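Trainee: Please find the sequence and the predicted model below.
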Amino acid sequence: MNSASTIGLWALMLGLGAFCFAVGYMMARKRYKRRFTADLKKFKSSINTRQQSADPVVERYRSKEVVVTAPSTQAKPREEVAAKARTSYLNYTRQKPQLDFSRIGESSAARKQDLTLIRGIGPYIEQRLNEIGIYDYEQISRLSVQDIRVLTDLIDFFPGRIEEDNWMAQATTLK
């Protein structure tokens, strides 16, 4: 065979392939269009049927008495909340830093104030502060940047959270 007849044969095969592809595409398109139209009709009829049959169902459930109880809004004791929040978190530092109580002041459990009035301090954090020796607003209002870093490490609190909630200004207001 020569190259002209080979090229002609390839062109014929390519043309025949393109024709077969076009015919198959058109037939599939027509088939899916018919199937889509049939599915659309079924869907529309099922919507009408559902709307008509929904009324007895609704009426059946309306006739039943439904009792809904509200969740308990009774406050739990602080000790219970703090105990639930306490985890077995381990701090792997060798030495825990110490707060400078000579600067922020000493206090006792007898002078304890409600630290949970400060936004950002819950029952668990209040308990941790009390364990460290912080009991009143005066001590919190005197915290410095270094004290905040030490305190954050001691109570295992989120870094930067004390500054963000601005405990010192809130404590000064509450004094």
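Mentor: Happy to help now that I have it. Numbering: from 1, shown residues only.
Trainee: residue closest to the middle of the protein?
Mentor: Central residue of the chain (Cα atoms, centre = their mean): F158, 17.6 Å from the mean position.
Trainee: Okay, and the closest residue to it other than its chain neighbours sits in which element?
Mentor: In space, F158 comes closest to T152 once its chain neighbours are excluded; the distance is 7.6 Å by Cβ to Cβ, 6 or more residues apart in numbering. Placement of C-beta: from N, CA and C, glycine included. For T152, the host element (DSSP states H and E) is helix 145-154.
Trainee: So what touches that helix?
Mentor: 91, 93, 96-100, 103-104, 128-129, 132, 134, 143, 157-159, 161-163 (Cβ atoms under 8 Å, 6 or more residues apart in numbering).
Trainee: List only buried entries from these.
Mentor: L99, I104, R128, L129, I132, I134, L143, F157, I162 (16 or more other Cβ atoms under 10 Å).
Trainee: Now the fifth one: phi and psi?
Mentor: Taking degrees, to the nearest 10, you get phi -70, psi -30 for the backbone angles of I132.
Trainee: With adjacent residues omitted, what lies nearest to it?
Mentor: In space, I132 is closest to L154, 5.5 Å off (Cβ to Cβ, 6+ apart).
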